[in-house]
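Just a sequence and a predicted model for now, questions to come.
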Amino acid sequence: MERPRQKPSLLRANPVLFSPIYLNVEGDSTEKLLALYRFAHLFFPQLGPGIVQTLLDMERHGERLSAGLSAEERLKLIGEMKGLSMDIQYALKDEGKKMLELSVHIVPGEVLERAQQGAADLSQYTQLRDDIDKVIAKLIEKEIRKRFTDKVEGFLQKFINKPDVPSFVSQLLNMGWIDHKGRLTKGATIDDLVSGKYRAKFEELAPEELLQESLQIRDTIKTCFSVGVDDADCLLQDAKRRHALLEITIKSVEKKEDAS
Amino acid sequence: MLELKKLVYVPILHAREGAAPKKEPSAIDEMWDGIAAKIMGLALPWDKTRIYQDGLPVCGEELKVAERLAESGSRNHQLILKLVAQGAQLEGTESMELLLREHDLLNVLLMKHSGAERAAAMAQYQAKSRDLLKMRDGFIFHRIKSAILQQDLVPLVFMGVMHRVDKLLEKDFLISHVIYRLPFSSVEAIYN
């Protein structure tokens, strides 16, 4: 019998109220996710909430259904649906290759049970939306790291293909960090080079420009991608900042109007 | 084929620009240094450059507003003043009425202090501000288009990343994004 694929669940820790949701994020192909992110913001500006809303609607629909059933009938129906599950697959493909896959796994009996208990509250809605956004942001970050790895490898390959291989590249080769095609070997990651266990050696060997760029990229990822995908506190800080700017702007304009 | 006019678009971040004094430059400080260097590197004809700024109303006192915001520590507005000193002209960009509506929405949000109330207010704010943002974008787009298209001017647009004015402008202008280093340059390479 085929073993079911392990699916990381956003809600595994506390699968209450919502239908169980599983996001498949283990796929290797994250190519074009940046473009997807941009696209999603244009056409589905509330991608995460949109998915959550669909599920909430399902829950609400479940409530309406259960309202028309007596307690006995409901219990009977739950019993009859025991073991029954339904999977909805959202798959985004690039020339046939899956880029992003969202599996919604629904157990109708559980939905009916929870509908009986009451609708989900807003904090859980917000939590779920944030969880989905974080997963999407992680995928994008993964893609960016991959691109930067390609950039470093491209940089190293240029030197490897030269007749006189520079000494720092030879040392990286000798230490087994890169192979003869300039690719980072297994176990030597960009993070290792720029901030981890190999940092001191990388600083010593790599050109300053490359080192600086790698550190900047890391900081930019940390800074920029945390905006909008962090917790509610981040959104609130952003709101406060914009409010402060608007306060100054409005007061400046009001002063002028008072003077005239 | 009609040649499109050039427009320089700078996506900006408001968030994480702390007001407290800092000993070391933050990533946001570095970002603004990087943006400033890139803009200076463009060598625009400053006397023909018109600056459009997110959150700056059409009010006749645009420069004074920018000065006050620069004094408050805004790196964005400090850069604008430098560009004005080079000869660029700052233009009123947004509808005051729409900005006041945004301000009211933020007021309602920030008045809530308990966690549950604030979460509910945030959801309401996001829903309402989304529609308002579309209206603001429409106003900004018409403002830029009407002022620039008939003249030999170069618009330099600083706009928050949540705005989508660039998408409205791209039909009439050849947009050049000034984006500070990777990863955003990767994004640009993909969708441009």
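Received, thanks.

which residues does the closest residue to B:Ile80 other than its chain neighbours contact?
Leaving aside its sequence neighbours, B:Ile80 sits nearest to B:Ala66 (C-beta to C-beta, 6 or more residues apart in numbering or on different chains; 5.3 Å). Where C-beta positions appear, they are placed from N, C-alpha and C, glycine not excepted. Counting by C-beta atoms under 8 Å, 6 or more residues apart in numbering or on different chains, B:Ala66 makes contact with B:Gln53, B:Leu56, B:His77, B:Ile80, B:Leu81, B:Val84, B:Leu90.

is the first one in a bridge, and if so with what?
Residues found in beta-bridge contact with B:Gln53 (criterion: DSSP bridges) are B:Phe158.

how far away is it from chain A?
Relative to chain A, B:Gln53 is positioned 10 Å away (C-beta to the nearest C-beta, to the nearest Å).

my guess is that residue meets B:Phe158, correct?
Yes: B:Gln53 is within contact range of B:Phe158, at 4.9 Å (criterion: C-beta atoms under 8 Å).

Quick check: neighbours shared by the two?
B:Asn76, B:Ile80.

circling back: which secondary structure state is assigned to the residue nearest to B:Ile80?
Secondary structure for B:Ala66, judged by DSSP: H, G, I helix; E, B strand; the rest coil, is helix.

Excluding covalently adjacent residues, which one is nearest to the residue nearest the centre of chain B?
In chain B, the centroid-proximal residue (C-alpha atoms, centre = their mean) is B:Met159; its distance is 2.3 Å. Among residues not flanking B:Met159 along the chain, B:Asp54 sits closest, at 4.8 Å (C-beta to C-beta, 6+ apart).

isn't the one you found right up against B:Asp166?
No: judged on C-beta under 8 Å, B:Asp54 makes no contact with B:Asp166 at a distance of 11.9 Å.

Could I get the pLDDT score of the residue nearest to B:Met159?
pLDDT for B:Asp54: 95.

Repeat that for B:Leu149.
For B:Leu149, pLDDT reads 75.

cool, the one 5 residues further on as well?
B:Val154 is assigned a pLDDT of 93 by the prediction.

contacting residues around it?
B:Lys5, B:Lys6, B:Leu7, B:Val8, B:Leu44, B:Pro45, B:Lys48, B:Thr49, B:Arg50.

and of those, the nearest to B:His177?
B:Val8 (8.1 Å; C-beta to C-beta).

Next, count neighbours for the residue nearest to B:Met159.
For B:Asp54, the neighbour count with other C-beta atoms under 10 Å in any protein chain shown is 23.

what about B:Ile51, is that helix, strand or coil?
Assigned with three-state DSSP, B:Ile51 falls in the strand class.

which helix is the longest one in chain B?
helix B:115-148 (DSSP state H).

Report the buried residues of it.
Neighbour counts over helix B:115-148 (16 or more other C-beta atoms under 10 Å in any protein chain shown) mark B:118-123, B:125-126, B:128-129, B:132-133, B:136-137, B:139-141, B:143-145, B:148 as buried.

If we check chain A, which of those are in contact?
Checking those against chain A by C-beta under 8 Å from any C-beta of the partner chain, the ones in range are B:Arg118, B:Ala119, B:Ala120, B:Met122, B:Ala123, B:Tyr125, B:Gln126.

In a markdown table: the residues you listed, plus distance to B:Asp33 and pLDDT.
Shown next, in a markdown table, are these (distance: C-beta to C-beta, whole Å; pLDDT from 0 to 100):
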| residue | distance to B:Asp33 | pLDDT |
| --- | --- | --- |
| B:Arg118 | 34 | 82 |
| B:Ala119 | 36 | 81 |
| B:Ala120 | 39 | 83 |
| B:Met122 | 32 | 86 |
| B:Ala123 | 36 | 83 |
| B:Tyr125 | 32 | 88 |
| B:Gln126 | 31 | 84 |
